[in-house]
Structures are given as C-alpha cells and as structure tokens.
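1. The following comprises the amino acid sequence and a computationally predicted model.
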Amino acid sequence: MGWTDKDLDQLHSMAQLEDIQDAMAFITALRKASLDDSYSHLPVDAVERLCNPPRQLPDITDPNLIISLKFYFANTTVKAYNTICDATMERHPDDDIYSHHRIKCTAAELSGVVLIIHNMCPNTCGEECWDAKKSTPQKKVACQTFDTFPIGLQLQALWLHPDHAKKMCWCDKRTKDILNQLKETDGVPDVYEDILNRKQYLDACQSGKIKDGNLVLMFLIDGAQLYESKQSDCWIYIWVLFNHAPEERYQKKYVLPGGIIPGPKKPKNLDSFIFPGLHHLHAIQTKGLMIWDGAQKRQFRMGCRLYCGLEGRHKPGAPTYYPVLRRPANSNHHDNQPDILIHELPTAGSFNYECKMERIIHCKSMAEYELARLETGISKPSIFCGFDPDHILLVPLCFGSDIMHVAAINTGDLLIPLWRGTFRAESTDDRLTWTWAILMKATWKAHGSLVTDATPFLPGSFDHPPRNPAEKINSSYKAWEWLLYLYGMAPALLYGILPEPYWTNFCCLACGLCVMQQYCISHSDLLDGHRHLLNFADEFEEIYYQCHMDWLHFIWPWVHSITHIGPETWTMERTIGNLAQEIWLHNSSVYTNLSQRAARRCQVNAIKAIIPLIEPSNHTSPKGSLDIGQGYLLLRRQERTAHTVRPCEAQAILHYLANNDINSAWKENAMSKQPRMAHNVKTAVGKVLFYFNMKIHNKEKTLALISEFSQPHTDLFENSFQTVFTCRYNGDASLKLVEVHMIYFPGIDGILFYLVERPGLDIIRMSGVKEEGILDED
C-alpha cells in the first residue's frame, strides 16, 4: 500500500483548494528529497561528512583541550566560562585554556553537528519576512528565524566509538529474540514492553522493510511555555532512537533534538517548519546514510491521530461532532446512525484512509471541503505521506495515541468541571439535575486541602507533588501533578464523596490508564487494562450522557480514543523541561537562546558518544552516604550517639518486605521543616522506623525496623478495581526487622492510610530521574 511518486504528482495536480495545494506541494517535495536539492541548505562540508564519515577517533591528548571541553560541558554562561578560565590561568599560567568562542568552534568540529537557520515571519505563516530597520540594500536581515538540527550527522556520531557502536546493535538482537519467542507462543507475546512488540513493527521486519542494521526513529513534537509569567510559547521536536536499549534511549544524552520553532504565535502551517528536518531524513533514507562502524571497522550504507471508522454525532444545527456510541433520544431524523456496541468498534488504523484522503484532495469548494472534512475526519493530507512507504509505517498507523496528554490533562479538563458543576450547560439544561456535580464550594475547598495535607507523605522520588487543586488547577497545573492527583490520590479521596456509579466508573478509568502507563505489560494485564478502558467509555456514556441531547457534548474525543490506547513515554516533556532549565542562565532572546542550547546539546551529546572518557562519571554517591551494596545507599543523616531501644523494638524479628531507596522515620521526624516522606514500603506495607548496622556471624548487615500496616481492605480494593489500597496502622503492635536489601519501593501513609504508587515509574527511571539529592544523568 502507499502512493507512488506518480500517484502523488497526479493527486497534487488535482488539488483545487489553496491549503490542500500547499500540503501536496510539501508531500511531493519530500518524496523527491535529496542532499543537493534547493531545499537542503546543508553546508558543503556537512554533505561531505554525510557521504564520507570519519574513520578515526579524534585526537584529544592535549590536556588543555580536555579541560576546556569539561568546562564547556558544565553548561555555564559565557561570562561564567570565562571567569573559570581566568581563575585557572591565574593558578596555572602556563596552561592554554580555550576561549569560549574557540571551544565552541572546536566542539562543532569534533561533533560534526551543524544547525540550519531558516528565515521566517513573526506571524508564523511560514514565509520570509525582513526587518526593515536592520536590513540594508546589500544584506537582508530576517525578522525572526527557526533552526533545524540535521539528524544524519547526529546518527553518524553514535557509531564512531567501538563501545557505542556495540550498543547500537541492541534493537537487532532484541527483535530476533521476540520473533523467536512468538514462534513458541503461537504469535502471542508474553509481555508488551516496547515498540518492538508492536505488530506493525514486527510485520515490517518480517516483510523486509526493516532489515538488520537499520535505524528505527520516533518523531515527537509538542508545544511548550518556557516561562510561566511571560509569553514564551514555542514548539520543539525531537527524535528518539529505538536502536538503543530502553534504559538508555530516554536519557538526555541519547535524545536527539530535531528543531526549534519560536513563538509566541502558534505556527499557522506546521508543515513548513518541520519540512526541513523531514526533508533531510528522507534524503538520507533515499541515498542511504554512510556509517563508519567503530566496533567492526567497516563502512556501510544505512537504510533508515488514531483513525477508525467511527462516525460522530452532533446536535441539531450544530457543526461539532462527538464520538458517541448511543443515538440520542428524540433525535428525530437528523441522526440515522444506529447504536454501536463498545466491543464492535472499528479497529484503529488505515481503514479506507487513502480513499478518504483523495476525497479531501478532490474538493473544489470550501463548502464541499467542510462537508468532506466532517465525514472523513481528515483536514488535509499528512506531510508524512511524502515518505517512501518502505521507510515509514503506513499513515495513520505510524502516529501514536498521545497517552500523556489524554491521561494527564484531557481527563482532568473534563471530569473536574463535571464534578464541580462548572462544565458548559445548554440553555435548556439545568445543572441541578447533574447528580455527579458534588465538588461544590466548601466540598471542593475541603477536597483541595486534603490534597495539600497529603503532600508531605509523598517521597521525593515522586518529583513535583500536586498543588491544591481548589486553588491552582486553573493556573498551569503540570501534567505530572495531574497524574499524581487523578490516579494516585483522587480514587481514595473521592471515596464516599463522589456517589455511585460515578466513583467506580472513575476507578475503572484509573485502573486501565495506570496499566497502560507502564513500560513492561504482561499480555493478561494488557487485556485487562484494555477491558477496563472499554468498560469506562461505555459506562461513561450511560451515566453521564444518558442519551440526553443536552449532554451530548460531555463525550469528548479522548473518551473514545482511550479505547485504542497503548503505552507511551514521557520523553518529549522531559526534553522540554531540560532545555527550559538551561536557558534561565542567559539574558539573550529566549527563542534564540533556546536554539543555541539545543544546538549545543546536539554537539555535546555527539562528542560524549565519540569520546566517552571525557564525560565525568554520573555514578557518584551523595556526600556522606554509605554504599551497602546491591544498589542501596544509607544517606548521610544519622544519630550522633547510641540510644536504648524500647522493649517492643528489642523483640522485633526478621521479616521480609519490599522497597527501594527510602529514608527513615527518625530522620524525617527530626528535620526542622515539614518533609516529604519516603519511608513507607509495599507488598506487606510498612513504615520504616530506623536503619542500623549489625554484625551477625561476623558479617555486617544493614537492617531496618519496620512497623507493619494491616492487610488492605479487601472489598474497597476490589470495588475500586485495585486502585484504592487502604490499611490500618498498627504501630508498635506489629514491628518487624528486615534486611534493607529486601526493601524495594516507596509508597505513602496519609491520614486515611492509602497507598500511592508513582505512575509509570519504570519509564521515568529510564530517563534518569532519581530520589531528591541525586542529579539526573546528563
């Protein structure tokens, strides 16, 4: 399937509307991309490097170059870099420390990575616009620019060093293992833990589209507000390389920046801004990217929204369609669609996509286009149709489901206003009939206070705790705050507040989405999670919409899209956060500086891959900590003198629990300010009172005294679809002594003694997030 070059040219000639003509122009230009055409804009030396990559590692025996690179990697301002250099030269006058300009040029040369600067209009229309004050007859100066970081040069750098070239072979080995396992399990995988388990990917491997040694890339783009208090919107896109193992590919040093699109206005035609990066990728796909494999000493040529057939429903005379399964009561003749059963939904994918896209292209008037757009769900041809079908999964199967925005933002934007009774109501509707609207006035305020009161009990490894939703939910509530609030706290805090069946319906959603946010999901868990999401969507219509025409608009698109959802990563959000953290150090234009930081990131990452020894170790322990083996540390704070244990503590016996990297209650109770607790453990849930070392049979052991909680409330646990884990605290009546290595994961003990697990913890850990006090890996 997929269009040939001739098909695309013919479709382009048939396009009548201006927007469709523009879209087809980008698609046809992308399909014919090459490194030497008028769209490339690559410097001659960059093209030469792409065609003839270096075969030798650079010589960095010069100690002045080494220390200059380390200063440069420290992510300092130009002024701070020069200050450090001056101080070093004062102490060692014979040294020749590189100036900032010199080391910046050297880093670009060593990495081989360049950026391409494109002129643009501040109104983001995609056209060039010149600054009348700065331009002269001899030289035109653009009002604004955007930058692209060619992916090919970054990919070449990952193969030059032998150790890193070996890492790039992980994908081939893992794919072979999966295909062999599928032969033994009749085509049903035991677990789903990566895109490599996806059917479309495995089909592409078995058909020969993806071969051994091919690079597998994922494109991610998102908008970002860099500063909370001023206009700073921009758009960033990145590449994630699936040839790396999961524990590496999401780390900052392996995420590949692709481009920066400055704001503050939203791009009017996004295709015009991502086209240069996609053009470069397809050019090296077509020609074949030349790679020097530093491990095998060889050069080789490298080949490198959900769409289903569900038709929407709309209110009489209204243009907006909603993905509703049940036909509204008293719909008369404007809605002739029958009811659709939740288990008979069309499969997400390329169902009749090409025919419907051709219908959009053939539209001759705006009226015809608007009708076709509503009926097909397609607004214009995707620029990704310009890729050779052998180099991309078919459109729209190549697009992800965006679980992060659905789970973390869209869900709250619908449910909270419904529960508060502030959601938009029709003039013929009466909010007093909304039996689900219970978080009103004092109840909402009290609920927000409970969230605030629970904050101290969240471990530091849970990152940003949710703020009081009653006060802050309308002021840039973070995606991570939404996750912890909706799926960690809300199921327990809304128990007894949100009436049935609304509470169990919400717990059903929480259960399904928590399963889908994990990296590794067993086949049975995936089926259970999908079943919960189907049941939620079906029951949500039944209890909120009730086939009531006035309530049709309650069914937002995400209520349907979660029935097609699968696991995804948070790499895009973390990249935006990392770049935003770096730019606060500088006083230049926020957009210019952001591009400079991204370009520097590309070059620094490439140098670290080429010269791994120059990167400082990230495995240093916090000052004053004690390494007790197996990845466990005792942190610095400790009692200055010995104390006599209480009789109940003296009688504690050895018991085995499970947890990882937690603090003691003694330390947290002794801190002057209110701490965030990390001393609660899961499996048999317990509270760690203190740690100590003891010699047993001449062998040093690190032990923890734990006060064990009761077993969870079984009925509440099951009725909440295992989202509300509540226990009683037994205090001194249930003390046990355990070996620290048996403790593995932090939880929470709040006033209600309910346990909160960090959503998608295994995925977050892959990105390098750790407990407070331990820095992310660079």
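-> Structure's in. What do you need?
2. Can I get stretch 103-115 in PDB, CA atoms only?
-> Presented in PDB, the C-alpha positions along stretch 103-115 are these (Å, rounded to 0.1, in the frame of the first residue of the first chain):
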ATOM      1  CA  ILE A 103      36.000  25.800  22.300                       C
ATOM      2  CA  LYS A 104      32.500  26.400  20.800                       C
ATOM      3  CA  CYS A 105      34.000  26.100  17.300                       C
ATOM      4  CA  THR A 106      36.100  23.100  18.400                       C
ATOM      5  CA  ALA A 107      33.000  21.300  19.800                       C
ATOM      6  CA  ALA A 108      31.200  21.800  16.500                       C
ATOM      7  CA  GLU A 109      34.200  20.500  14.500                       C
ATOM      8  CA  LEU A 110      34.600  17.400  16.800                       C
ATOM      9  CA  SER A 111      30.900  16.500  16.800                       C
ATOM     10  CA  GLY A 112      30.400  17.300  13.100                       C
ATOM     11  CA  VAL A 113      26.900  18.500  14.000                       C
ATOM     12  CA  VAL A 114      25.700  21.700  12.400                       C
ATOM     13  CA  LEU A 115      22.400  23.700  12.600                       C
END
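3. And for that stretch, what's in contact with it?
-> Applying CB atoms under 8 Å, 6 or more residues apart in numbering, the contact partners of stretch 103-115 are 42-43, 46, 49, 54, 58, 60, 65, 68-69, 71-72, 98, 147-150, 153-154, 156-157, 595, 599-600, 602-604, 606-607, 610-611. Where you see a C-beta, it was placed from the backbone N, CA and C, and this is true even at glycine.
4. What remains of those residues if I keep only buried residues?
-> Neighbour-count burial (16 or more other CB atoms under 10 Å) is assigned, among the contacts of stretch 103-115, to 42, 46, 49, 58, 60, 65, 68-69, 71-72, 98, 147-150, 153-154, 156-157, 595, 599-600, 602-604, 606-607, 610-611.
5. So which of the contacts of stretch 103-115 sit within strands?
-> Judged by DSSP state E, strands contain the following of these: Asp147, Thr148.
6. The closest residue to Pro465 other than its chain neighbours: neighbouring residues, count only.
-> In space, and not counting its chain neighbours, Pro465 is closest to Thr455: 4.4 Å by CB to CB, 6 or more residues apart in numbering. Using other CB atoms under 10 Å, Thr455 is surrounded by 18 other residues.
7. helix, strand or coil for Thr455?
-> helix (DSSP: H, G, I helix; E, B strand; the rest coil).
8. now it: how far from Pro466?
-> Shown here: Thr455 relative to Pro466, a distance of 7 Å by CB to CB, to the nearest Å.
9. List the buried residues in the host helix or strand of His118.
-> Using DSSP states H and E, His118 falls within strand 116-120. Counting neighbours by 16+ other CB under 10 Å, one finds that the buried residues in strand 116-120 are Ile116, His118, Met120.
10. what does stretch 704-716 give?
-> Ala704, Leu705, Ile706, Ser707, Glu708, Phe709, Pro712, His713, Leu716.
11. coming back round to it: chain center to the strand holding His118, what's the gap?
-> 27 Å (CA atoms, centre = their mean, to the nearest Å).
12. counting contacts, what elements does it pack onto?
-> Under the contact criterion of 3 or more CB pairs under 8 Å, 6 or more residues apart in numbering; DSSP states H and E, strand 116-120 touches strand 144-148, helix 270-287.
13. Present the ones you listed as TSV; the columns should include distance to Asp94 and mean pLDDT.
-> Below are the helices and strands packed on strand 116-120 laid out as TSV (distance: least, CB to CB, whole Å; pLDDT from 0 to 100):
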stretch	distance to Asp94	mean pLDDT
strand 144-148	39	89
helix 270-287	44	91
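14. would you list the ones you listed in JSON lines and tack on distance to Asn730?
-> JSON lines is the format used below for those (distance: least, CB to CB, whole Å):
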{"stretch": "strand 144-148", "distance to Asn730": "60"}
{"stretch": "helix 270-287", "distance to Asn730": "57"}
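15. From the buried residues of stretch 704-716, which land in strands?
-> Of the buried residues of stretch 704-716, the ones assigned to strands by DSSP E are Ala704, Leu705, Ile706, Ser707, Glu708.
16. From those, pick the one nearest Ala537.
-> Glu708 (39.0 Å; CB to CB).
17. pretty sure the closest one is touching Val738, no?
-> No: Glu708 is beyond contact range of Val738, at 9.6 Å (criterion: CB atoms under 8 Å).
18. tell me which element the closest residue to Ser625 other than its chain neighbours is part of?
-> Nearest residue to Ser625 in three dimensions, chain neighbours excluded: Leu633, at 4.5 Å (CB to CB, 6+ apart). Using DSSP H and E, Leu633 falls within strand 632-634.
19. Neighbouring strands of that strand in the sheet, and parallel or not?
-> Using DSSP bridges, strand 632-634 pairs in its sheet with strand 626-629 (antiparallel).
20. Identify all contacting residues around the partner strand.
-> By CB under 8 Å, 6+ apart, strand 626-629 touches Ser621, Leu633, Leu634, Thr702, Val740, His741.
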